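> The amino acid sequence is not available; the structure is as follows:
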(Lines give C-alpha, C1' and ligand atoms only; values in the text may rest on other atoms or scores of the structure.)
Protein backbone atom coordinates (compact mmCIF):
# COMPACT_ATOMS: atom_id res chain seq x y z
CA UNK A 1 0.00 0.00 0.00
CA UNK A 2 1.65 3.21 -1.16
CA UNK A 3 1.75 6.27 1.07
CA UNK A 4 2.41 8.89 -1.61
CA UNK A 5 2.55 9.78 -5.28
CA UNK A 6 5.14 10.84 -7.84
CA UNK A 7 3.90 12.81 -10.84
CA UNK A 8 6.54 13.08 -13.55
CA UNK A 9 5.72 15.74 -16.16
CA UNK A 10 7.66 16.46 -19.37
CA UNK A 11 7.13 19.68 -21.30
CA UNK A 12 7.62 18.97 -25.02
CA UNK A 13 7.82 22.29 -26.84
CA UNK A 14 9.58 23.95 -29.75
CA UNK A 15 8.71 27.24 -31.45
CA UNK A 16 7.00 27.04 -34.84
CA UNK A 17 9.92 26.95 -37.29
CA UNK A 18 8.93 26.09 -40.85
CA UNK A 19 10.42 27.72 -43.93
CA UNK A 20 8.96 26.43 -47.22
CA UNK A 21 10.30 29.58 -48.87
CA UNK A 22 13.89 28.33 -48.40
CA UNK A 23 15.65 25.05 -49.20
CA UNK A 24 17.62 25.12 -45.95
CA UNK A 25 17.21 26.95 -42.65
CA UNK A 26 19.43 25.82 -39.78
CA UNK A 27 16.76 26.44 -37.15
CA UNK A 28 14.51 23.74 -38.66
CA UNK A 29 17.06 21.29 -37.27
CA UNK A 30 15.86 22.10 -33.75
CA UNK A 31 12.90 19.87 -34.56
CA UNK A 32 14.96 17.22 -36.34
CA UNK A 33 17.40 16.92 -33.43
CA UNK A 34 14.55 16.67 -30.95
CA UNK A 35 12.87 13.91 -32.99
CA UNK A 36 16.09 11.89 -33.18
CA UNK A 37 17.36 12.49 -29.67
CA UNK A 38 14.21 12.92 -27.54
CA UNK A 39 10.80 12.14 -29.04
CA UNK A 40 11.54 8.82 -30.75
CA UNK A 41 13.77 7.59 -27.87
CA UNK A 42 10.88 8.33 -25.47
CA UNK A 43 8.47 6.40 -27.68
CA UNK A 44 10.93 3.51 -27.92
CA UNK A 45 11.14 3.53 -24.13
CA UNK A 46 7.34 3.42 -23.86
CA UNK A 47 7.23 0.46 -26.25
CA UNK A 48 9.80 -1.41 -24.16
CA UNK A 49 7.96 -0.73 -20.90
CA UNK A 50 4.67 -1.92 -22.35
CA UNK A 51 6.34 -5.02 -23.80
CA UNK A 52 7.73 -5.91 -20.36
CA UNK A 53 4.49 -5.31 -18.48
CA UNK A 54 5.63 -2.19 -16.63
CA UNK A 55 2.61 -0.07 -15.65
CA UNK A 56 4.13 3.35 -16.12
CA UNK A 57 2.42 6.74 -15.75
CA UNK A 58 3.77 9.92 -17.33
CA UNK A 59 2.26 13.32 -18.09
CA UNK A 60 3.47 15.23 -21.15
CA UNK A 61 2.56 18.54 -22.65
CA UNK A 62 2.69 18.54 -26.43
CA UNK A 63 2.44 22.20 -27.36
CA UNK A 64 0.42 23.34 -30.39
CA UNK A 65 3.48 24.54 -32.36
CA UNK A 66 5.24 21.21 -31.80
CA UNK A 67 2.16 19.18 -32.74
CA UNK A 68 1.71 21.30 -35.86
CA UNK A 69 5.30 20.73 -36.94
CA UNK A 70 5.22 16.99 -36.21
CA UNK A 71 2.14 16.66 -38.44
CA UNK A 72 3.50 18.83 -41.26
CA UNK A 73 4.30 16.89 -44.50
CA UNK A 74 7.06 19.32 -45.55
CA UNK A 75 8.91 18.96 -42.25
CA UNK A 76 8.38 15.18 -42.26
CA UNK A 77 9.99 15.02 -45.70
CA UNK A 78 12.89 17.21 -44.61
CA UNK A 79 13.41 15.09 -41.51
CA UNK A 80 13.62 12.03 -43.76
CA UNK A 81 16.54 13.63 -45.59
CA UNK A 82 18.17 14.77 -42.34
CA UNK A 83 18.03 11.24 -40.92
CA UNK A 84 19.36 9.76 -44.16
CA UNK A 85 22.40 12.05 -43.88
CA UNK A 86 23.01 10.91 -40.31
CA UNK A 87 22.79 7.26 -41.36
CA UNK A 88 25.22 7.82 -44.22
CA UNK A 89 27.71 9.68 -42.02
CA UNK A 90 27.61 6.96 -39.36
CA UNK A 91 28.42 4.31 -41.96
CA UNK A 92 31.31 6.41 -43.27
CA UNK A 93 32.55 6.81 -39.69
CA UNK A 94 32.68 3.02 -39.28
CA UNK A 95 34.91 2.83 -42.36
CA UNK A 96 37.04 5.80 -41.31
CA UNK A 97 37.66 4.30 -37.88
CA UNK A 98 38.09 0.71 -39.03
CA UNK A 99 41.45 0.38 -37.23
CA UNK A 100 40.62 2.42 -34.12
CA UNK A 101 38.87 0.08 -31.72
CA UNK A 102 37.08 2.49 -29.41
CA UNK A 103 36.15 4.96 -32.15
CA UNK A 104 34.80 2.16 -34.34
CA UNK A 105 32.78 0.88 -31.38
CA UNK A 106 31.24 4.34 -30.99
CA UNK A 107 30.60 4.72 -34.73
CA UNK A 108 28.83 1.36 -34.74
CA UNK A 109 26.82 2.47 -31.71
CA UNK A 110 25.56 5.51 -33.63
CA UNK A 111 24.88 3.50 -36.78
CA UNK A 112 22.72 1.07 -34.79
CA UNK A 113 20.97 3.93 -33.03
CA UNK A 114 20.11 5.76 -36.27
CA UNK A 115 18.93 2.50 -37.82
CA UNK A 116 16.58 1.99 -34.85
CA UNK A 117 15.36 5.58 -35.16
CA UNK A 118 14.62 4.99 -38.84
CA UNK A 119 12.73 1.79 -38.05
CA UNK A 120 10.60 3.58 -35.45
CA UNK A 121 10.03 6.63 -37.67
CA UNK A 122 8.75 4.50 -40.51
CA UNK A 123 6.90 2.18 -38.13
CA UNK A 124 4.96 5.18 -36.83
CA UNK A 125 4.18 6.20 -40.44
CA UNK A 126 6.14 9.40 -39.76
CA UNK A 127 3.33 10.50 -37.43
CA UNK A 128 4.70 10.89 -33.92
CA UNK A 129 1.56 12.60 -32.65
CA UNK A 130 -0.41 9.45 -33.46
CA UNK A 131 2.29 7.42 -31.71
CA UNK A 132 2.03 9.49 -28.52
CA UNK A 133 -1.77 9.34 -28.70
CA UNK A 134 -1.60 5.54 -28.65
CA UNK A 135 -0.06 5.66 -25.18
CA UNK A 136 -2.58 8.29 -24.07
CA UNK A 137 -5.36 5.92 -25.16
CA UNK A 138 -3.85 3.17 -22.96
CA UNK A 139 -3.69 5.66 -20.01
CA UNK A 140 0.08 5.31 -19.70
CA UNK A 141 0.42 8.87 -20.90
CA UNK A 142 -1.64 11.92 -20.06
CA UNK A 143 -1.16 14.58 -22.72
CA UNK A 144 -1.87 18.18 -21.71
CA UNK A 145 -1.79 21.44 -23.62
CA UNK A 146 0.01 24.79 -23.37
CA UNK A 147 -0.47 28.31 -24.76
CA UNK A 148 -1.22 28.43 -28.48
CA UNK A 149 2.27 29.66 -29.33
CA UNK A 150 3.81 29.58 -25.84
CA UNK A 151 3.06 33.26 -25.29
CA UNK A 152 4.24 34.69 -21.96
CA UNK A 153 0.82 35.34 -20.44
CA UNK A 154 1.63 37.73 -17.52
CA UNK A 155 3.12 40.21 -20.00
CA UNK A 156 -0.14 40.18 -22.01
CA UNK A 157 -2.59 40.65 -19.16
CA UNK A 158 -3.36 44.28 -20.05
CA UNK A 159 -5.12 42.77 -23.10
CA UNK A 160 -7.23 39.92 -21.70
CA UNK A 161 -8.47 39.00 -25.18
CA UNK A 162 -4.89 38.24 -26.20
CA UNK A 163 -4.50 35.91 -23.21
CA UNK A 164 -7.86 34.32 -23.99
CA UNK A 165 -6.79 33.70 -27.59
CA UNK A 166 -3.61 31.92 -26.44
CA UNK A 167 -5.68 29.63 -24.18
CA UNK A 168 -8.75 29.09 -26.37
CA UNK A 169 -6.84 28.42 -29.61
CA UNK A 170 -4.64 25.89 -27.78
CA UNK A 171 -7.67 24.18 -26.20
CA UNK A 172 -9.47 23.90 -29.54
CA UNK A 173 -6.34 22.72 -31.36
CA UNK A 174 -5.80 19.97 -28.78
CA UNK A 175 -9.43 18.85 -29.02
CA UNK A 176 -9.25 18.75 -32.80
CA UNK A 177 -5.97 16.81 -32.75
CA UNK A 178 -6.69 14.24 -30.04
CA UNK A 179 -10.46 13.90 -30.33
CA UNK A 180 -11.11 14.97 -26.75
CA UNK A 181 -10.50 18.11 -24.67
CA UNK A 182 -7.41 18.47 -22.46
CA UNK A 183 -7.68 18.20 -18.69
CA UNK A 184 -4.71 20.38 -17.87
CA UNK A 185 -2.32 23.02 -19.14
CA UNK A 186 1.37 23.64 -18.71
CA UNK A 187 1.33 27.42 -18.47
CA UNK A 188 4.05 28.75 -20.79
CA UNK A 189 7.22 29.10 -18.70
CA UNK A 190 4.98 28.08 -15.73
CA UNK A 191 4.10 31.80 -15.61
CA UNK A 192 0.99 32.68 -13.61
CA UNK A 193 -0.71 35.94 -12.69
CA UNK A 194 -3.72 36.51 -10.45
CA UNK A 195 -6.99 36.12 -12.35
CA UNK A 196 -5.65 33.80 -15.04
CA UNK A 197 -7.51 30.90 -13.44
CA UNK A 198 -10.84 32.48 -14.46
CA UNK A 199 -10.02 32.05 -18.15
CA UNK A 200 -8.72 28.52 -17.57
CA UNK A 201 -12.02 27.62 -15.92
CA UNK A 202 -14.09 29.31 -18.62
CA UNK A 203 -12.38 27.35 -21.40
CA UNK A 204 -12.88 24.05 -19.54
CA UNK A 205 -9.46 23.22 -18.06
CA UNK A 206 -9.26 21.45 -14.69
CA UNK A 207 -5.69 22.19 -13.58
CA UNK A 208 -2.45 24.00 -14.34
CA UNK A 209 1.20 23.72 -13.33
CA UNK A 210 3.13 26.51 -11.68
CA UNK A 211 6.46 26.92 -9.96
CA UNK A 212 6.73 25.97 -6.29
CA UNK A 213 6.87 29.51 -4.95
CA UNK A 214 3.61 30.29 -6.76
CA UNK A 215 1.98 27.90 -4.30
CA UNK A 216 4.14 28.58 -1.24
CA UNK A 217 3.44 32.33 -1.33
CA UNK A 218 -0.28 31.80 -1.93
CA UNK A 219 -2.92 33.34 0.32
CA UNK A 220 -3.93 31.93 2.69
CA UNK A 221 -0.70 30.00 3.06
CA UNK A 222 -1.24 26.41 1.86
CA UNK A 223 -1.11 24.04 4.79
CA UNK A 224 0.78 21.31 2.90
CA UNK A 225 2.97 23.50 0.72
CA UNK A 226 3.54 22.06 -2.75
CA UNK A 227 2.81 18.50 -1.61
CA UNK A 228 -0.87 18.73 -2.42
CA UNK A 229 -2.50 20.88 -5.11
CA UNK A 230 -4.61 23.86 -4.17
CA UNK A 231 -7.95 24.85 -5.63
CA UNK A 232 -8.35 28.39 -6.90
CA UNK A 233 -11.65 30.18 -6.31
CA UNK A 234 -12.81 29.05 -9.76
CA UNK A 235 -12.30 25.37 -8.90
CA UNK A 236 -9.28 25.01 -11.18
CA UNK A 237 -6.44 23.21 -9.37
CA UNK A 238 -2.84 24.42 -9.25
CA UNK A 239 0.06 21.97 -8.84
CA UNK A 240 3.43 23.34 -7.68
CA UNK A 241 6.86 22.12 -8.73
CA UNK A 242 8.85 20.22 -6.08
CA UNK A 243 12.23 21.88 -5.59
CA UNK A 244 14.10 18.85 -4.23
CA UNK A 245 13.41 16.39 -7.05
CA UNK A 246 13.82 19.13 -9.66
CA UNK A 247 17.27 20.13 -8.43
CA UNK A 248 18.56 16.54 -8.61
CA UNK A 249 17.97 16.53 -12.35
CA UNK A 250 18.15 20.20 -13.39
CA UNK A 251 21.04 21.59 -11.36
CA UNK A 252 24.26 22.22 -13.27
CA UNK A 253 26.16 21.90 -10.00
CA UNK A 254 24.67 18.83 -8.29
CA UNK A 255 22.32 17.42 -10.95
CA UNK A 256 22.76 13.97 -12.48
CA UNK A 257 23.50 15.15 -16.08
CA UNK A 258 26.89 16.55 -15.00
CA UNK A 259 28.39 13.12 -14.20
CA UNK A 260 31.80 12.59 -15.86
CA UNK A 261 30.66 9.30 -17.47
CA UNK A 262 27.93 11.01 -19.50
CA UNK A 263 28.29 12.21 -23.06
CA UNK A 264 29.70 15.68 -23.63
CA UNK A 265 27.10 17.77 -25.47
CA UNK A 266 29.42 20.54 -26.67
CA UNK A 267 32.01 18.46 -28.52
CA UNK A 268 30.69 17.29 -31.88
CA UNK A 269 32.11 15.62 -34.99
CA UNK A 270 30.88 18.57 -37.06
CA UNK A 271 33.66 20.66 -35.50
CA UNK A 272 36.26 17.93 -34.90
CA UNK A 273 36.41 16.27 -38.33
CA UNK A 274 38.68 17.32 -41.19
CA UNK A 275 36.82 19.95 -43.20
CA UNK A 276 36.67 18.34 -46.63
CA UNK A 277 35.46 15.09 -45.07
CA UNK A 278 32.64 16.68 -43.06
CA UNK A 279 31.69 19.32 -45.64
CA UNK A 280 28.80 17.31 -47.20
CA UNK A 281 27.16 17.05 -43.76
CA UNK A 282 27.34 20.65 -42.55
CA UNK A 283 25.51 23.74 -43.77
CA UNK A 284 25.10 24.22 -47.56
CA UNK A 285 27.18 27.41 -47.38
CA UNK A 286 30.06 25.37 -45.92
CA UNK A 287 29.78 26.58 -42.34
CA UNK A 288 30.36 23.93 -39.71
CA UNK A 289 27.57 22.89 -37.36
CA UNK A 290 26.78 20.12 -34.90
CA UNK A 291 25.95 16.92 -36.76
CA UNK A 292 24.81 14.86 -33.76
CA UNK A 293 27.71 12.41 -33.52
CA UNK A 294 29.70 12.98 -30.34
CA UNK A 295 32.61 10.79 -29.27
CA UNK A 296 33.60 12.25 -25.92
CA UNK A 297 32.38 12.22 -22.34
CA UNK A 298 32.15 15.05 -19.82
CA UNK A 299 35.26 13.61 -18.10
CA UNK A 300 35.61 16.26 -15.40
CA UNK A 301 34.78 19.80 -14.38
CA UNK A 302 36.99 22.58 -15.61
CA UNK A 303 38.48 20.62 -18.53
CA UNK A 304 38.63 22.20 -21.97
CA UNK A 305 36.83 20.44 -24.81
CA UNK A 306 40.18 19.29 -26.17
CA UNK A 307 40.92 17.40 -22.93
CA UNK A 308 37.79 15.23 -22.95
CA UNK A 309 38.18 11.45 -22.94
CA UNK A 310 36.34 9.04 -25.20
CA UNK A 311 32.78 8.19 -24.29
CA UNK A 312 31.57 4.68 -23.44
CA UNK A 313 27.79 4.08 -23.69
CA UNK A 314 28.06 0.93 -21.52
CA UNK A 315 29.41 2.77 -18.49
CA UNK A 316 27.10 5.72 -19.12
CA UNK A 317 24.11 3.38 -19.07
CA UNK A 318 25.37 1.89 -15.78
CA UNK A 319 25.60 5.40 -14.33
CA UNK A 320 22.05 6.17 -15.54
CA UNK A 321 20.82 3.06 -13.71
CA UNK A 322 22.66 4.16 -10.57
CA UNK A 323 21.17 7.65 -10.77
CA UNK A 324 17.66 6.26 -11.33
CA UNK A 325 18.10 4.10 -8.23
CA UNK A 326 19.23 7.13 -6.27
CA UNK A 327 16.23 9.15 -7.48
CA UNK A 328 13.84 6.37 -6.44
CA UNK A 329 15.54 6.05 -3.02
CA UNK A 330 15.30 9.80 -2.43
CA UNK A 331 11.62 9.88 -3.40
CA UNK A 332 10.90 6.99 -1.01
CA UNK A 333 12.55 8.81 1.89
CA UNK A 334 10.90 12.10 0.91
CA UNK A 335 7.43 10.53 0.75
CA UNK A 336 7.91 8.72 4.08
CA UNK A 337 9.01 11.93 5.76
CA UNK A 338 6.12 13.95 4.32
CA UNK A 339 3.52 11.29 5.08
CA UNK A 340 4.57 11.19 8.73
CA UNK A 341 4.17 14.97 8.98
CA UNK A 342 1.03 15.40 6.85
CA UNK A 343 -0.82 12.21 7.78
CA UNK A 344 -2.07 12.07 4.22
CA UNK A 345 -0.52 11.02 0.92
CA UNK A 346 1.77 13.71 -0.51
CA UNK A 347 2.21 14.19 -4.24
CA UNK A 348 5.70 15.03 -5.55
CA UNK A 349 5.44 17.01 -8.79
CA UNK A 350 8.62 16.70 -10.88
CA UNK A 351 8.34 18.73 -14.12
CA UNK A 352 11.13 19.04 -16.70
CA UNK A 353 11.65 20.13 -20.28
CA UNK A 354 11.26 16.99 -22.37
CA UNK A 355 14.26 17.94 -24.53
CA UNK A 356 16.50 17.60 -21.48
CA UNK A 357 16.04 13.85 -21.84
CA UNK A 358 18.04 12.79 -24.87
CA UNK A 359 18.98 16.07 -26.51
CA UNK A 360 20.80 17.88 -23.71
CA UNK A 361 21.28 14.81 -21.54
CA UNK A 362 21.91 11.95 -23.93
CA UNK A 363 21.36 9.30 -21.25
CA UNK A 364 18.10 10.89 -20.06
CA UNK A 365 15.80 8.33 -21.75
CA UNK A 366 17.83 5.51 -20.16
CA UNK A 367 17.45 7.21 -16.80
CA UNK A 368 13.67 7.43 -17.25
CA UNK A 369 13.47 3.81 -18.37
CA UNK A 370 15.28 2.62 -15.24
CA UNK A 371 13.22 4.99 -13.09
CA UNK A 372 9.93 3.54 -14.31
CA UNK A 373 11.17 -0.04 -13.94
CA UNK A 374 12.63 0.46 -10.47
CA UNK A 375 9.47 2.26 -9.35
CA UNK A 376 7.32 -0.61 -10.66
CA UNK A 377 9.39 -3.57 -9.43
CA UNK A 378 11.59 -2.41 -6.54
CA UNK A 379 9.47 -0.30 -4.16
CA UNK A 380 5.96 0.18 -2.79
CA UNK A 381 6.30 3.48 -0.92
CA UNK A 382 4.90 5.66 -3.73
CA UNK A 383 3.01 5.17 -6.95
CA UNK A 384 3.23 7.19 -10.13
CA UNK A 385 0.08 9.05 -11.09
CA UNK A 386 -1.42 11.44 -13.62
CA UNK A 387 -2.54 14.79 -12.27
CA UNK A 388 -6.11 14.33 -13.54
CA UNK A 389 -6.29 10.94 -11.81
CA UNK A 390 -5.03 12.48 -8.59
CA UNK A 391 -7.82 15.06 -8.65
CA UNK A 392 -10.41 12.33 -9.20
CA UNK A 393 -9.08 10.39 -6.22
CA UNK A 394 -8.69 13.49 -4.02
CA UNK A 395 -11.51 15.92 -4.89
CA UNK A 396 -11.20 17.97 -1.69
CA UNK A 397 -8.32 20.44 -1.38
CA UNK A 398 -7.56 23.75 0.30
CA UNK A 399 -8.75 26.87 -1.53
CA UNK A 400 -6.01 29.49 -2.03
CA UNK A 401 -4.98 32.30 -4.32
CA UNK A 402 -1.62 31.42 -5.95
CA UNK A 403 1.12 34.04 -6.16
CA UNK A 404 2.41 35.56 -9.37
CA UNK A 405 5.37 33.46 -10.51
CA UNK A 406 7.31 31.68 -13.27
CA UNK A 407 10.02 29.03 -13.34
CA UNK A 408 12.48 31.45 -14.93
CA UNK A 409 15.43 33.36 -13.49
CA UNK A 410 14.54 34.78 -10.05
CA UNK A 411 11.11 33.17 -10.32
CA UNK A 412 9.20 35.99 -11.98
CA UNK A 413 9.26 37.75 -15.38
CA UNK A 414 12.78 39.15 -15.59
CA UNK A 415 14.12 36.71 -18.17
CA UNK A 416 11.39 37.66 -20.65
CA UNK A 417 11.45 41.41 -19.92
CA UNK A 418 14.90 43.01 -19.71
CA UNK A 419 17.27 45.24 -21.64
CA UNK A 420 17.75 42.64 -24.41
CA UNK A 421 14.10 42.16 -25.33
CA UNK A 422 12.01 44.98 -23.81
CA UNK A 423 11.79 46.63 -27.24
CA UNK A 424 9.37 43.96 -28.51
CA UNK A 425 6.55 44.61 -26.04
CA UNK A 426 5.27 48.03 -27.21
CA UNK A 427 4.95 46.51 -30.70
CA UNK A 428 3.27 43.33 -29.43
CA UNK A 429 0.85 45.35 -27.31
CA UNK A 430 -0.06 47.66 -30.19
CA UNK A 431 -0.61 44.67 -32.46
CA UNK A 432 -2.85 43.04 -29.83
CA UNK A 433 -4.83 46.26 -29.52
CA UNK A 434 -5.30 46.42 -33.28
CA UNK A 435 -6.22 42.73 -33.54
CA UNK A 436 -8.94 43.23 -30.93
CA UNK A 437 -10.14 46.22 -32.94
CA UNK A 438 -10.44 44.42 -36.27
CA UNK A 439 -11.87 41.27 -34.66
CA UNK A 440 -15.13 43.23 -34.35
CA UNK A 441 -15.42 43.30 -38.15
CA UNK A 442 -17.80 41.00 -39.91
CA UNK A 443 -15.77 39.85 -42.91
CA UNK A 444 -17.32 41.14 -46.12
CA UNK A 445 -16.23 38.09 -48.11
CA UNK A 446 -14.01 34.99 -47.95
CA UNK A 447 -10.87 36.95 -48.87
CA UNK A 448 -11.30 39.40 -45.99
CA UNK A 449 -12.04 36.52 -43.61
CA UNK A 450 -8.77 34.84 -44.67
CA UNK A 451 -6.87 38.10 -44.11
CA UNK A 452 -8.37 38.51 -40.63
CA UNK A 453 -7.54 34.90 -39.73
CA UNK A 454 -3.98 35.32 -41.00
CA UNK A 455 -3.56 38.50 -38.97
CA UNK A 456 -4.51 36.50 -35.88
CA UNK A 457 -1.91 33.82 -36.78
CA UNK A 458 0.82 36.41 -37.25
CA UNK A 459 0.11 37.98 -33.86
CA UNK A 460 0.11 34.59 -32.13
CA UNK A 461 3.43 33.67 -33.76
CA UNK A 462 4.99 37.03 -32.82
CA UNK A 463 3.95 36.47 -29.18
CA UNK A 464 5.98 33.26 -28.74
CA UNK A 465 8.01 33.52 -25.53
CA UNK A 466 10.83 31.69 -27.31
CA UNK A 467 11.90 34.83 -29.17
CA UNK A 468 12.31 36.90 -25.99
CA UNK A 469 14.06 33.94 -24.33
CA UNK A 470 16.55 33.61 -27.19
CA UNK A 471 17.29 37.33 -27.18
CA UNK A 472 18.11 37.10 -23.47
CA UNK A 473 20.14 33.89 -23.74
CA UNK A 474 22.31 35.34 -26.50
CA UNK A 475 22.18 32.38 -28.90
CA UNK A 476 20.63 32.63 -32.39
CA UNK A 477 19.56 36.20 -31.56
CA UNK A 478 19.36 37.45 -35.19
CA UNK A 479 16.88 34.69 -35.99
CA UNK A 480 14.65 35.54 -33.00
CA UNK A 481 14.73 39.24 -33.90
CA UNK A 482 13.95 38.46 -37.54
CA UNK A 483 11.02 36.23 -36.62
CA UNK A 484 9.52 38.81 -34.26
CA UNK A 485 9.83 41.60 -36.81
CA UNK A 486 8.57 39.55 -39.75
CA UNK A 487 5.39 38.45 -37.96
CA UNK A 488 4.70 41.96 -36.72
CA UNK A 489 5.26 43.45 -40.19
CA UNK A 490 2.98 40.85 -41.77
CA UNK A 491 0.36 41.60 -39.16
CA UNK A 492 0.61 45.34 -39.80
CA UNK A 493 0.25 44.90 -43.56
CA UNK A 494 -2.84 42.72 -43.08
CA UNK A 495 -4.30 45.21 -40.60
CA UNK A 496 -3.80 48.09 -43.02
CA UNK A 497 -5.29 46.16 -45.93
CA UNK A 498 -8.36 45.13 -43.93
CA UNK A 499 -8.88 48.74 -42.78
CA UNK A 500 -8.52 50.03 -46.35
CA UNK A 501 -10.59 47.26 -47.90
CA UNK A 502 -7.75 46.47 -50.34
CA UNK A 503 -6.34 42.98 -49.74
CA UNK A 504 -3.42 41.70 -51.82
CA UNK A 505 -4.67 38.16 -52.49
CA UNK A 506 -1.41 36.95 -54.05
CA UNK A 507 0.71 38.08 -51.11
CA UNK A 508 -1.85 36.69 -48.64
CA UNK A 509 -1.70 33.30 -50.30
CA UNK A 510 2.10 33.22 -49.95
CA UNK A 511 1.97 34.17 -46.28
CA UNK A 512 -0.74 31.57 -45.61
CA UNK A 513 1.53 28.92 -47.13
CA UNK A 514 4.48 29.94 -44.93
CA UNK A 515 2.71 30.56 -41.60
CA UNK A 516 0.16 27.78 -41.91
CA UNK A 517 -0.33 27.00 -38.22
CA UNK A 518 -3.92 26.64 -36.91
CA UNK A 519 -5.81 26.15 -40.18
CA UNK A 520 -9.14 26.18 -38.27
CA UNK A 521 -8.40 29.47 -36.47
CA UNK A 522 -11.25 31.98 -36.30
CA UNK A 523 -10.19 35.60 -35.84
CA UNK A 524 -13.31 36.25 -33.71
CA UNK A 525 -11.48 34.63 -30.79
CA UNK A 526 -10.05 38.14 -30.21
CA UNK A 527 -13.43 39.79 -29.74
CA UNK A 528 -13.86 41.58 -26.38
CA UNK A 529 -14.75 39.18 -23.59
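Cool, the structure landed. Computed from a predicted structure; not experimentally measured.
> all contacts plus neighbour counts: C-alpha atoms, from now on.
Will do.
> that's a helix at residue 434, yeah?
Yes: under DSSP: H, G, I helix; E, B strand; the rest coil, residue 434 falls within a helix.
> Name the nearest residue to it, ignoring sequence neighbours.
Leaving aside its sequence neighbours, residue 434 sits nearest to residue 495 (C-alpha to C-alpha, 6 or more residues apart in numbering; 7.5 Å).
> List the contacts of the one you found.
434, 435, 438, 452, 455 (C-alpha atoms under 8 Å, 6 or more residues apart in numbering).
> Mind telling me what element it is part of?
helix 477-500 (DSSP states H and E).
> in that helix, what counts as buried?
Within helix 477-500, the residues scored as buried using 16 or more other C-alpha atoms under 10 Å are 477, 480-481, 483-484, 487-495, 497-498.
> And the next helix or strand past it?
Heading C-terminal from helix 477-500 (DSSP H and E), you reach helix 505-514.
> Can you give the contact residues for that following helix?
18, 19, 20, 21, 447, 451, 454.
> Stretch 142-152 too?
15-16, 57-65, 133, 136, 165-171, 174, 182-189, 191, 386, 416, 460-461, 463-466.
> which SS class is the residue of the chain positioned farthest from its centre?
Distance to the chain centre peaks in the chain at residue 99, reaching 41.0 Å (criterion: C-alpha atoms, centre = their mean). Following three-state DSSP, we place residue 99 in the coil state.
> per-residue confidence for it?
pLDDT, residue 99: 95.
> And the one 10 residues further on, by the same measure?
On the pLDDT scale, residue 109 is placed at 98.
> Helix or strand for it, just tell me which one.
Taking DSSP H and E as the criterion, residue 109 maps to helix 101-123.
> so residue 5, which of the three states?
Secondary structure of residue 5, per three-state DSSP, is strand.
> ok, it touching residue 385?
Yes: using C-alpha atoms under 8 Å, residue 5 is in contact with residue 385, at 6.4 Å.
> what's the longest helix that the chain contains packed up against?
Ranked by residue count, the top helix of the chain under DSSP state H comes out as helix 313-342. For helix 313-342, the packing partners by 3 or more C-alpha pairs under 8 Å, 6 or more residues apart in numbering; DSSP states H and E come out as strand 4-12, helix 243-250, helix 364-378, strand 382-384.
> between whatever helix or strand residue 429 lives in and helix 477-500, how many degrees?
Secondary structure assignment for residue 429, by DSSP H and E: helix 424-438. Between the axis of helix 424-438 and that of helix 477-500 there is an angle of 30 degrees, by axes from the mean of the first three to the mean of the last three C-alpha atoms, to 10 degrees.
> What's the first helix or strand after helix 424-438?
Assigned by DSSP H and E, the successor of helix 424-438 is helix 446-462.
> List the buried residues for that next one?
447-462.
> Remind me what that helix packs against, helices and strands.
For helix 446-462, the packing partners by 3+ C-alpha pairs under 8 Å, 6+ apart are helix 424-438, helix 477-500, helix 505-514.
> between those, which gets nearest to residue 28?
Ranking the helices and strands packed on helix 446-462 by proximity to residue 28 (C-alpha to C-alpha) places helix 477-500 first, at 11.5 Å.
> Could you check the angle the closest one makes with helix 505-514?
Using the same axes, to 10 degrees: helix 477-500 against helix 505-514 is 140 degrees.
> quick one: residue 301 is in a strand?
No: secondary structure of residue 301 (three-state DSSP): coil, not part of a strand.
> list the contacts for it?
Listed by C-alpha under 8 Å, 6+ apart, the contact set of residue 301 reads residue 260.
> ok, residue 194 touching residue 400?
No: in this structure residue 194 lies outside contact range of residue 400 using C-alpha under 8 Å: 11.2 Å.
> Tell me which of those two has more neighbours.
Comparing residue 194 with residue 400 by other C-alpha atoms under 10 Å, the one with more neighbours is residue 400, at 20 against 13.
> Would you list the phi and psi of the more buried one?
phi -140, psi 160 (degrees, to the nearest 10).
> what do you get for residue 73?
Torsion angles, degrees, to the nearest 10, at residue 73: phi -60, psi -40.
> Tally up the residues packed near it, please.
12.
> Same question for residue 48.
Residue 48, neighbours per other C-alpha under 10 Å, totals 13.
> tell me which element it falls in.
helix 40-51.
> can you list contacts of the helix or strand following that helix?
Sequence-wise, the next helix or strand downstream of helix 40-51 (DSSP H and E) is strand 58-62. Contacts to strand 58-62, defined as C-alpha under 8 Å, 6+ apart, come from residues 7-13, 140-146, 185-186, 384-387.
> Which strands border strand 58-62, and is each parallel or antiparallel?
strand 4-12 (parallel), strand 141-144 (parallel) (DSSP bridges).
> which regions of the stretch 251-400 of the chain lie under the pLDDT threshold?
252 (pLDDT under 70).
> Go again with 80.
For the stretch 251-400 of the chain, the stretches flagged by pLDDT under 80 are 251-253.
> so how far is residue 88 from the nearest residue to residue 339 once chain neighbours are set aside?
Counting by C-alpha to C-alpha, 6+ apart, the nearest residue to residue 339 once its immediate chain neighbours are dropped is residue 345, at 5.8 Å. Distance of residue 345 to residue 88, computed by C-alpha to C-alpha, to the nearest Å: 52 Å.
> cool, residue 346 as well?
From residue 346 across to residue 88, the span is 50 Å (C-alpha to C-alpha).
> With residue 149 instead?
Taking C-alpha to C-alpha, one finds residue 149 at 35 Å from residue 88.
> okay, those two: which has more neighbours?
Neighbour count, other C-alpha under 10 Å: between residue 149 and residue 88, residue 149 has more, with 29 against 13.
> And that one, its phi and psi?
Main-chain torsions, residue 149, degrees, to the nearest 10: phi -130, psi 30.
> what's the distance between it and residue 111?
In terms of C-alpha to C-alpha, residue 149 sits 35 Å off from residue 111.
> Which secondary structure elements does the helix or strand that the longest helix of the chain is followed by sit against?
As assigned by DSSP H and E, the chain's next helix or strand after helix 313-342 is strand 347-353. Strand 347-353 is packed against strand 4-12, helix 243-250, with contacts defined by 3+ C-alpha pairs under 8 Å, 6+ apart.
> Among these, show the one with the smallest mean pLDDT.
helix 243-250 (a mean of 91).
> What lies in contact with stretch 372-391?
Outside stretch 372-391, the residues within contact range by C-alpha under 8 Å, 6+ apart are 1-8, 49, 54-59, 141-142, 183-184, 206-207, 324-325, 328, 331-332, 335-336.
> Just the buried residues of those.
3-8, 49, 54, 56-59, 141-142, 183-184, 206-207, 324-325, 328, 331-332, 335-336.
> Out of the helices and strands packed on helix 446-462, flag the one nearest residue 213.
Here helix 424-438 is closest among these (C-alpha to C-alpha), at 25.9 Å.
> Average pLDDT for the closest one, rounded please.
98.
> now the angle from it to helix 446-462?
Using the same axes, to 10 degrees: helix 424-438 against helix 446-462 is 150 degrees.
> Show me what helix 424-438 is packed against.
Using 3+ C-alpha pairs under 8 Å, 6+ apart, helix 424-438 sits against helix 160-178, helix 446-462, helix 477-500.
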